[in-house]
Structure formats: C-alpha cells, structure tokens
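**Q** Next comes the sequence, and after it the predicted model I'd like to discuss.
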Amino acid sequence: MEFRFTEEQLMIQDMAASFVDEVSTSEAVRAAMLSDKGYDEETWQRITQELCWQALTIDEEAGGLGLGYVELVALLEQAGRKLLCSPFFGTACLALSALKQCPVSPAKQTAIEAILAGQTATLVHTDSAGRWDDSAQLPCIKSGALEGIASHVVNGDSAEWLVVAARENDALVLLLVSPACPQVKRRALTTMDQTRRLGGIQFNQLPLEAAHRLCEGELAERILAACLELARIGAAADMVGVAQQALDSSVGYIQERVQFGRTIASFQAVKHKCADVMLKLESSRSSLYYAACIADEYLANHASMAALQEAASIANAYASEAAFFAAGVGIQLHGGVGITSEYDIQLYFKRARALEAYLGLPHWHRERLASMLLEGDVA
Amino acid sequence: MEFRFTEEQLMIQDMAASFVDEVSTSEAVRAAMLSDKGYDEETWQRITQELCWQALTIDEEAGGLGLGYVELVALLEQAGRKLLCSPFFGTACLALSALKQCPVSPAKQTAIEAILAGQTATLVHTDSAGRWDDSAQLPCIKSGALEGIASHVVNGDSAEWLVVAARENDALVLLLVSPACPQVKRRALTTMDQTRRLGGIQFNQLPLEAAHRLCEGELAERILAACLELARIGAAADMVGVAQQALDSSVGYIQERVQFGRTIASFQAVKHKCADVMLKLESSRSSLYYAACIADEYLANHASMAALQEAASIANAYASEAAFFAAGVGIQLHGGVGITSEYDIQLYFKRARALEAYLGLPHWHRERLASMLLEGDVA
Amino acid sequence: MKLSFSAADEAFRVEVAQWLQDNLTGEFEHIRFRGGPGDEHVFVEERKRWEQRLAEGGWTCIAWPEAFGGKQATIEQQVIFNEEYARAGGPGRVGHIGETLMGPTLIEFGTPEQQAKYLPGIRAGREYWCQGYSEPGAGSDLGNVKTRAVFDEATQQWRINGQKVWTSLAHESHYCFVVARTDPNQVGHKGLGFFMVAMDQLGVTIRPIEQLTGTAEFNEVFFDDAVCAADDILGAPGQGWAVAMALLGYERGVSTLGQQMLFQNELDEIIRVAKTNGTSQDPSIRQRIAEAHMGLKTMRYNSMRMLSGAEGSQLNREAMIYKLYWSSWHRNLGKLAMDVMGEQAEILEAAPYELNRLQSMFLFTRADTIYGGTNQIQRNLIAERALGLPREPRGQS
Amino acid sequence: MKLSFSAADEAFRVEVAQWLQDNLTGEFEHIRFRGGPGDEHVFVEERKRWEQRLAEGGWTCIAWPEAFGGKQATIEQQVIFNEEYARAGGPGRVGHIGETLMGPTLIEFGTPEQQAKYLPGIRAGREYWCQGYSEPGAGSDLGNVKTRAVFDEATQQWRINGQKVWTSLAHESHYCFVVARTDPNQVGHKGLGFFMVAMDQLGVTIRPIEQLTGTAEFNEVFFDDAVCAADDILGAPGQGWAVAMALLGYERGVSTLGQQMLFQNELDEIIRVAKTNGTSQDPSIRQRIAEAHMGLKTMRYNSMRMLSGAEGSQLNREAMIYKLYWSSWHRNLGKLAMDVMGEQAEILEAAPYELNRLQSMFLFTRADTIYGGTNQIQRNLIAERALGLPREPRGQS
C-alpha cells in the first residue's frame, strides 16, 4: 500500500501546476470566458502539442502515454485550481474514457488518432433537458438516421468529435459523429459559470453508416455507466482544485486585510472557518485519490462496477460540498470585495456550484449509497 | 397585535420562576430522579395546593382559573429551565387537554374534580412499542373489557387517573380509567433521561362501564389529534426552558474558566457558539409563543386543525433543535467537567434528547410540513 | 398576547390594499415585484415617478409625525402597510433611505431649518438620499473612518475628502449623508461629524461597482474637495458617531415585515418550480423546503416579538439576532432555489449574462451575510451585547 | 499510488487473523468487542490475562525494534494488525498506553537502564501505564502545569505534589508518567520534568470520576508527597515539555485504523437496527446513514494518506485534521444511533442505569470532542500550524 503520488506522478502534477499558473491567469480566464469557444485556442495547442495531456490515458501501443486516472486526476485538480477554460475535460475525461472501453473498430481508431493529433471531442449522453439519468430521452436512431436534441453537453458547442449515446429501439448505441455537417446544429448555452462551456446539439436526420458505430447493447450500457462514474471522479478532481485555491486565496487575503486594527486572520472565528475548509478539502482529496485508484482498477477489470460507483459517489459528494463550502467561505472572508466581479473568488464560487450539480447533487449520491448499503451490496 | 406577555402573564411567569428556583435545585432534581415515582410528593402538593397550577386551564365555571396555553407554556418553560421532575405535564398538558375537549359526562366531571383536588393524571395514547402514530396498535375494547399494553406513557407508572385512547372495532374511544385495580399493571421504565418518568401499562381484561367513556368516534379522533399537537407545544415550552438554562449555565461557566491565561469566554469561537445558541433559542421562543396563541385559538374554534398542526410542528422542531444544540454546546463549553455526572449540563442534554424525540423528530415535522405545503393546504 | 389586529387596523389594511390596487397599475404594472435587493438598478425612472404617486396618495413617510407630513402611523399600521405593499408587488423604494433612515434622524437631531430644508423633498418623493458610511479600508469597522472634513473659514464651508463605498443608488440621489472625521487628532468613535452633502457638485465622483451578478447595484463615491455648507452638519462636530449610530438604529424595524413578504414571494416561486419539475418529490428537497418555510414563519414571529417589545429605536435582545437570522436564512434559500431548478439552474435567461430572478437571488444572497455587518460581526454583537461576553480586543494598527 | 498490499503483507494478515481466531476464544470469548472507549472499566482482569496471552504469541509491541522485543513491524503490518485485531473483536487494550506511548518515548529518550527497567514489563503485558498530563485547572492548556516536583537531596528522590485528571485505568496501572514543574520560577513550557511514578505508594490517591454514562472510565489522581527515584526522570529536568510533546506525537498513527474498525462495528450495528425497525426506509435517516458510511470510508482514506506520507512521528498536514475529523464524525454517529433506535432509544437495558452499546456510545461521544484537545483547540492547531495563521494571544493570568 502506497497511498501517495509516486515521483513520476509528482512530476506530472508539478509540471501541470507550473503550466496553469503560467497560462490560466485571471486575465486569461476572463478572456477565455468571453471568447467564441470558451477557451483559448493557443493554450489548447500547447496542451496537446507541448504537454500531450490528451495522450495521457491512451494506451502506449496506440501511441499514448499509457497512464491512468491517478495521473489524469492530478492534471484535472490543477486545471480546477486555476479555473482553466479548456476542452480537456470533455476530450480526455469524457470522450476518451468511453473510447478506451469500446472494442476495436474503425470508428474508435479514427477518434483516438484525431484526439492524439490534438482534436477536441466530447461525450453526448444527455437529452434536450440536460437529463443524464434513466429518465433521459436520448437522441434516437430511426431508419438509419439520428434525430434528437442533447443539451448541457460539456464543450458541446465546439468539440470536433462527438461520442453520442443514442437509442435504437430499446438498445443503447454509442456512435462516433463528426458535427461538421448540416444535419448537426449546435449552439453555446449561456451559463452561470462561464469557465466551463456547455453546448446544445441538435441532430436533424443525420444519416448513419456502419463506420459510425462504436458499440451497442449491454456493452454500451456498461461503458456509458462507467463513463459517468469516471466523469464524476474527474469533476471531483476539478473541485478539489477549486477548493484548494479558494482556501489559498482567502488565507492570503485575510492576512493582508486589517479591520479593527488587526488582520482579520487574527480573529478566531475566521481562523476556524479556514480550518473547517481545510478539513473538508483534505478529506475530499483523500477520497478523490482513492476513487482514482479504483477507476484504474475498474478499467483493468480489478474492481467491480459497485466499487466504482461507491468510490465515485463518495469522492464527488465530498468534493462538491468542500468546493461549494470553500468558495462560499472564500466570498465571506473576502467581505465586500468578494461579491465584486473584479475579484476571482466569485468565479470559483460559480465553478464550484456548476460542478456540484454536474451528474448528481450530494444528496443524490447519498441516496444512491444508501440503496447500496441498505438494499444492495456495497464494495 | 400584542406579541408579548401581558402584565398578568409576566407575573405568572415570574412566580413560576421563583418557585422552581426554590424547589427544583440540582439536589432536589437528583433526589427526585432516583425516587419511587420520579418526583417529589411535597413539591407536587405545593404546586397543586399553593400555586394551583393544575387549575390553570380549567374553566372558571368548573372551578379553575380559566386561563389558556399561553399561560401554560409560560409555566412549562420555567419547569424545563430547572429540570422540574413533576407529573404536571402529564396532568395539565396531556390529560386535561383531552378532558377539556370532551363533551360533558360523569367521567369528565370526576376527572376534572380529581385533578382540581390535586390528583395526578395522564393520557395513554401509545402501544406496547411506544408508537403514537397511525401505525400504533392501541389497547382494544373487546366484549366490554380493555386489553393491551401501552408503553412510554408520561408519568404512566404513577398517575392516579388515566385518559386512555383505545380501539373498539374500528372506532377510537377515549376512556377514563383509574389504575387502582388488579386488572391494570404498571411499571416505571428505566430511561436515559431520568427527569421525566415514563411508564408501561398493561390492561388485562379490565371491565368497562358506561361511566368510563369520555367520547368516541370522529370526535375522539379529533380530540386525540389535537392533544398530540398541544403536547408538542407543551414539550416545546419545556425545551425552550432547557435551552435557556443550558445557555445561561454555559455563559456563566465560561466567564469563570481560565485557559491559556484568559477566560474561555474571551475566545471568539466560544462567543460565536453562544451567539448561535441564542439565535436558535430566541427563534424557538418566538415560534413557541406563536404556537401557544394558536393553541388557544384552536380551542376557542378560531383556528383550524391545519393551523394548529403547522404551528406545533414549527415550534416543536425548532425547540428540539435549539435544546439539543444548546445542551450539546453546553457540554462542549464546560469541557471535561461537562461529561461528569457531577455537573448538571449532562442532565439538560439528556432531557433535551428525550424531548426532541417525543412525538416526532425534527425531520418528521419537516416532512409533515412539506406535505402540507406541497400536496395540501397550509394555514 | 394576541395575534389579531384591531378592527381599525384591518380597515386600514383594506384602505392600503385598495389604493395599491388602484394605483400600482397601468404605467406601473411592469415594475411590480422589481427593484428589490439585487435588482435595484432597474426601472429607476419609473420607480421615481412611483415615489411621487405614493406621495400624492399620502403613502410616503407614514411613520413620521403629522407635523412633518406623516400619518404618525402606529407600529401595527406600519406593519400592515409594509405587508400590503410587498403583497401587491410594490417596487423597491428609491426613497427608502430618505424615508426610513435620514428622515427619522433629521427629526431627532435636526434644527428646524434643516428639517424644513430636507424633509419636504423626502416626503414628496422627489429628493433621494444615499449613505456614506462604509469606506474601502474600513468594511465593518465604522470607527475607522478616514474621510476628512475640514472647515474652511474663508468660504464658511466644510471641505470633504475621502472615499465611500457600497453606496446604493448614488447616481439617483440628490444627497448623501457622510460620516467624516472633523478632528484629525482623534481616532475611533471620537472626532467625527455627520454631513449632508449634495451629490450634484464637481467634488463628487461616482463609480459603479460591478457585482458577481454582472450588474452594479453599488457604487464607490469619491469626495475630492466636495463642499458642504456650515449648516449642513447634523449635530455638532464630534457628535457624528452618536448621530450615525442613531440612524443605524432605525434600520431595524417594521420594514423587516415587508422584506419577509419579498422572501415569501421567492419561496412561493421555488415551490412552484419544484412542483412543476418534480423536485418536490425528492425527500431531501422536501426537508429543505419545509425548513425554509419554518424559517420564514419564525422570522415573522421574531419580528412580531421585536416590534411588540421595541421601545422607539432601542435595540432589544431579539432585535440583535435579526440580521444574522435573515441573512443566513436567505443564503440557504438561494442554494435551495438552485437545487430545485435542477439542470436549468445553470442556464441563464439570455446572453451576455441575464440571470432569472432565482439565479440572481442565489448570487446576491452571498452579499447578504456581508453588508450591514458580516455574520461574524453580528455574532460578536450578540455575544457581547446580548450575552455580556468579553469584547474582542482591538489591535494596534 | 497503489491500494493493494504486497503478498508478504497479505500472508502476515492471514497469520494475525489465524492467531486471533485460535486465541480469542474460550475464556476470552466474552470480552470480544468489549473494553473500548466508554467501556474501559469492564472485564479488566480478563483483559489483563489477554494482554499476557498476546505477549506470549508475540503480538504486543510489534512496532518496537527487535532489540526491545518487538517485530519492527512496517507501517503496513501495523495497519494490518490493528485492522485484524478490531475485526476479530479484540478487546480494548489495557496495555495500550505503555505499548504505544510510553514505550516509544522510552526508546527515544530513555537511558539503557530505564529501558531495561520498564520495557520488558510492557512487552510482557504485565505492567500497565497511565497518563498524568491533564490537570483540573489546565484542561487543554498543558503549559499550565501546576504539579510540582522537588528534588530532595536527603533522600535523593523527587517529591511530587499536585493533581492530575482524566486518567484512564489508574487503578490498574503500575506506573504513571507525570509532567510536573521542576523549576517553580519558570512558566509555560519551561522548567518541566517528565517523571515515571510508581502508583503503588502512599502518596498516590485515586478517585474515580463518574461520567454522564453512570460509569467511571476516568480518574483523578492526587500526588501528595509521592516519591520518584532520581533515575526515574525521563530526559533532564527542564526537558519535560519536549518529552511530553514527543509522546503525544506517537498518539496519532496506525492505531487509528483499528479505531475505525470499532467505528465500523458501530455503524454496522446501526444499519442492522435500521433494517430491523424500518427506519432504513426513512429518507432522512438514509441520507445520514450514507453520510456516516462516506465519512468512515473517507476517514480511512485520510489515514492511508497520513500513514503513507508520515515520516516517523512527524506531524503532517493531513494528520492535523484527524482528531477533529473523527471526533465530529463519531459524535454525529452517536446522534444517528439514537434517531435510528426510535422510541427504544430512550429505554435502557436495565436499572439502575445500564445503557446498551449504542446508547453508551451516544453519550460517550460527547467526550470525544473534548478530551485530547477540544475541537476548538484542534481548529486552532489546524489554522495556526497547517495554514500559518496568527496564533491566539495568551492572556495575562
């Protein structure tokens, strides 16, 4: 048992930290938020060409680095820490997680190569209301064409490749779709958190060929289910980063800010708030790292779906509460300036809120855990 | 609108405060806890003969003082404040609340006169598991005899008169029963909170006569339902008193106790805990007084059952959380001595816990309010 | 203790409701329910006309003595007016600060000349006021005022220099009341003056502060040799702290019941959304909706106790908990609103950043626990003033 | 990062489990799962015999160096031992303080003579230790020690006078380690000594402290001219603070994982009750059971990080949160247990005051957030040491 980063993992983390410190400054984030695609093209070029983050979890034989979720989580935590606006999550944590689990096929081959080359991708698994659970009315395949609307798609307005979850009769099908055709209409959604772009996608009688198909039936169900768990773990990593920076910037601010002739950091109530944040933050980080290990074990067939679900729910629910709490306390400790658009803490607050609600609020996760504990099996 | 005590009500409150300060000292409470009936007989004599608390809510024409729940709540709050061990709650808040609502009958006449004379009474409305909701398997009347077990009866081990809720076929019947007969067996339960005695009662083919009957059918259902709401309001009053003293004794202790060369009262974290307690306490008190007014309006047919339920749930849930929080914080602020049996704060903690669970935990009340708000009508 | 209002009060309620029904319509229809906290920047011109309509009906400054144009309304009548105003969707009052803060303070501390100069404009709904208390470096620490006022013997005017912040409606206001240091050798609560400064002068510059909502309800106000007539100091130089504190005392009071009606509107909207999108069936959401409902009811009972027990502007124990209570409750309501909205919570009304009412409320409630004394300051106040615990030591800066 | 244990470690696990299965039976069957926190006063004689059985099997002091009779077990092995011990229902260890606190401190600071005198008795499970840190007036403030130690040149012994409190198992212990002031002219952390005092002497009086549970796990210990040989001071006079702090450093560590197994047993019991009485269908209870489960899992992950990152007894950032985390979690578990038990929660097992396991746990968890540094002290530590925020000023008393 070695529940800490290896030297190599620490190096990956440090390099990522330096990189986001350099490229994802407050000014850069604000520019990206208002940009066309919601991210800076040049930064993405550097991520894919210099740092090769997109290759991280691709198998070595397919030309990737052959690393796993522990390393991916290390990157995503750093991305969250500096509010990186990037199609990286959609590409690496959503599309690639699905593709890696699909059987060999021309579509898979095409997609992996495109991603390795630096193209962006995402997973389309929602319906027109943004639902992602069993109630979702996914786009449908009828008479060989794809029809339907998916909303709240991470970077769905600009991703160059789409892995689409669709229904064909009663079966789930995973498709690889290039949105560069007239039968696919897309738009960016106006979101409260402007650092993570969501898109709405309409498929309008898009004709499908065999080459589009990645897999179907029970296998597709299993892959999609696992993808949502992996996405929850990835989001937890982002939130741990958000919480860390919300704490760090608040700790910095309160040591400068003087009220009643003292730094506000010297008030015990303020100190204790910071201690409470740190408790939640470090606990989230522990459950995140555990979940990342389980993710790798699941992908290597060494852990069950139940173990993956449990770890994902714990990590995601903890990180959700830690990030929202850390950012909320952060605003409070910044006082008046905390609610101005000039300071970044409000951006952390909005990202924390968006991520908290992504794929299940904490009480949804708790109820799922309760069913496992009280009615079913838990790992 | 006058949402404060009148001069007369303040006088009642002040007299009650002086009385409990005199008779319900720490030593007296500890003696009563271990005594046979769980209360001091002489104190009860003084309550009924000197102070006439039992007459408070009895109509003037029946020989009582003709006052209402606002005054009763003022007394119960003082009782809670000094952990008074007494059959007063069972007699005045349970049995009398039921009797007052019953139509004129010989049984009612007997009971009211006995109570006026200083005899004790209680309401028996539970089953053998202490259940009080729709799932309760109340004692049954079959072939003219009462059979069954009721547990968790407030002062049920010693009350001289029992108002018993029983089932006859499908109808609810309220009976007046004297337990002084071989067909009624009783025992005191060993409870975590030793300041409020609970009893278990077994009715073993107790033959019933017409004179036992107080009322039945829908009227009995309505009376019993109202009694539970009134009991919740009465319990809320006790808990407000518990919370008040938990706060006061803690505020006193922390101003004496020196750590790190300062009184612990000078630590901001300690001060803020006390402020949080006061917030909950004063809010409970507001919702308690409101509920007491509604109780009087209900009994005067000026408020609906829905209004009574809503007010009772709000007052009870708030006071439950305030009392448990205040007593828990109280232990914490007392530090090591807080968990010794020598200090009284633990007695407040246990009484708070017992009362919190009495007739519904806070989340039960919230769910009931939610049904009213989301599916039904709210006052 | 009694909950009901007298017959006369109920008649007053009918009168208020009827007048609002007759008047808050037509040209004012679209400003109903608008201009509240977090929304103060909208429809300002219409809301000013509305102030004048209110004044014509005799519904401004009803708590003032009749001598100053008020109705000398009882607490009950004020409660009723505020309740009915909120129930009818009466828009956020541009004249609020003049009517509820500056007016009572002028009536208590002003000279007859000052009263004659300023009160009629407030009463008529034509002259608006803004506050000049907070400063960028001071925050919750009002004793740390750096703005200076120097009496210029030559012009017989005060010259004011400094900066104030968190000033609502500064652009719309004719006057600002400014706490400034008149004696540079004093610190803390001593050597302060309370000035009534005209906003329309060269020495006053206003800079809006953009909030996390993308809107700008607050401003910074810069005083750069701004002038103030010798007669426009309220109380004597050095008495500023006493006047400033008295003014803050008026902040708590009957308007709280109107505020609660706004909160009720928000909660009703949340319940409507929950019923529509099915989150009303989620047990955790149900618990929180019930908690919000209980909390709001209890807020009302707290206010009723506070108002029944309050003597003038005196603070009582119950009043001290009020700010902490409502700000915490409202912040939780904001979070509940988002969780009830579900997936739609994240999607705004329109580009570039148009929030719906509940989204705006969610974000703006993060300010509630900060302005007017942070929750930390409120807990200090409760602990120190209501419970008599030791005061926080002041540092040596 | 890897979660799994090596094959050698897994073999070690099997060995431990097998030994426990073979030995924790027969005369020891009835003490399984007993003697834990809040239950330390029960079956003491049997638990002492059990200590000796453990020692015979070589399962005491496994973390000690081989030179002192230990196995020099790795962190992983210690984790495994503690997990298996708790899983098997191993009773609360009477020898715990000697093995995990006093032993390592003696090994670090003791002379060879001191080590030879005291370590074998600990290792053999025959000599037990208790602590003499807390004092009635000092609580969490260890610097405020009033107990005095004066060296008597005539007898060449230290004479100790003072009072200690919150001492578990004082009646059963042969020795107490006592922090006492050797230099009356020093205050705070200076001028302290660390003494190893025999309990079986006239100058030592023990008074049990009855708790809110009706039982007495803790004691007051009075030292009234108690004597201590010149050789029985650990470190030099004046060095007491350093020794005392080093000892506390050993408190956090692998035993946490054993503690978590006890917590798991409690949670399992709660789940069993909930399923039996139907409260498992209550959505609010379900949320709280899930929260408890999540919290316990995360406690384990926190420990795994702490143990993987810990160097010797050094504190790291993760370790600082541990006490606050578990004590808060456990306190919530106590409340959950009561709410799950429903109406039965209030009814005890038997008169006069016999609590069932969950009731006892509920009451005793109120102590968890107090002893070993209150939650307030823990938050100070985290804020000051992990986050570098300013220290609380010490008053002038």
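**A** Sure, I can see it.

**Q** Checking C:Gly89 next. Helix, strand or coil?
**A** coil (DSSP: H, G, I helix; E, B strand; the rest coil).

**Q** Please name the nearest non-neighbouring residue to it.
**A** Distance criterion CB to CB, 6 or more residues apart in numbering or on different chains; nearest residue to C:Gly89, sequence neighbours excluded, is C:Arg32 at 3.5 Å. The way it works is simple: take the backbone N, C-alpha and C, and place the C-beta from them, glycine included.

**Q** The one you found reaches C:Ala88, doesn't it?
**A** Yes - in this structure C:Arg32 lies within contact range of C:Ala88 using CB atoms under 8 Å: 7.4 Å.

**Q** what about those two, which has more around it?
**A** Counted by other CB atoms under 10 Å in any protein chain shown, C:Arg32 and C:Ala88 do not tie: C:Ala88 has more neighbours, with 19 against 14.

**Q** hang on, the earlier thing: which residues do C:Arg32 and C:Ala88 both contact?
**A** Both C:Arg32 and C:Ala88 are in contact with C:Leu24, where contact means CB atoms under 8 Å, 6 or more residues apart in numbering or on different chains.

**Q** got the end-to-end distance for stretch A:158-177?
**A** 13 Å (CA to CA, to the nearest Å).

**Q** Same question for it: list its buried residues.
**A** Buried residues in stretch A:158-177, counting neighbours by 16 or more other CB atoms under 10 Å in any protein chain shown, are found at A:158-168, A:172-177.

**Q** and it, anywhere near chain C?
**A** No - using CB under 8 Å from any CB of the partner chain, stretch A:158-177 never reaches chain C; the gap is at least 16.0 Å.

**Q** Stretch A:250-262 too?
**A** Yes - Stretch A:250-262 reaches chain C (CB under 8 Å from any CB) through A:257-262.

**Q** how about low-confidence regions in the stretch 51-200 of chain C?
**A** Along the stretch 51-200 of chain C, the parts satisfying pLDDT under 70 run over C:139-140.

**Q** Which single residue of it approaches chain B most closely?
**A** The stretch 51-200 of chain C approaches chain B most closely through C:Glu76 (5.6 Å), counting by CB to the nearest CB.

**Q** which ones are touching that residue?
**A** Residues near C:Glu76 by CB under 8 Å, 6+ apart: B:1, C:5-6, C:9.

**Q** So which bits of the helix or strand harbouring it are buried?
**A** Following DSSP states H and E, one finds C:Glu76 within helix C:75-87. Residues of helix C:75-87 classed as buried by neighbour count (16+ other CB under 10 Å): C:76-87.

**Q** The helix or strand following it: how far from the chain's middle?
**A** Later in the chain than helix C:75-87, the nearest helix or strand by DSSP H and E is helix C:96. Distance of helix C:96 from its chain centroid, counting by CA atoms, centre = their mean, to the nearest Å, is 7 Å.

**Q** Go ahead and name everything in contact with whichever helix or strand comes after helix C:96.
**A** Downstream of helix C:96, the first helix or strand assigned by DSSP H and E is helix C:103-109. For helix C:103-109, contacts defined as CB under 8 Å, 6+ apart pick out C:61, C:63-65, C:68, C:114-115, C:118-119, C:122-123, C:177, C:194, C:234-235, C:243, C:246-247, C:250, C:313.

**Q** filter those to the buried ones?
**A** By neighbour count, with 16+ other CB under 10 Å, the contacts of helix C:103-109 hold C:61, C:63-64, C:68, C:114-115, C:118-119, C:122-123, C:177, C:194, C:234-235, C:243, C:246-247, C:250, C:313 as buried.

**Q** Report how many residues lie close to the residue in chain A that chain B sits nearest to.
**A** Closest residue of chain A to chain B, CB to the nearest CB: A:Gln268 (3.8 Å). Residues within reach of A:Gln268, counting by other CB under 10 Å, total 23.

**Q** and what of the one 10 residues further on?
**A** For A:Met278, the number of neighbouring residues by other CB under 10 Å comes to 26.

**Q** Skipping adjacent residues, who's closest to it in space?
**A** Counting by CB to CB, 6+ apart, A:Met278 lies nearest to D:Ile382, which is 5.7 Å off, once chain neighbours are set aside.
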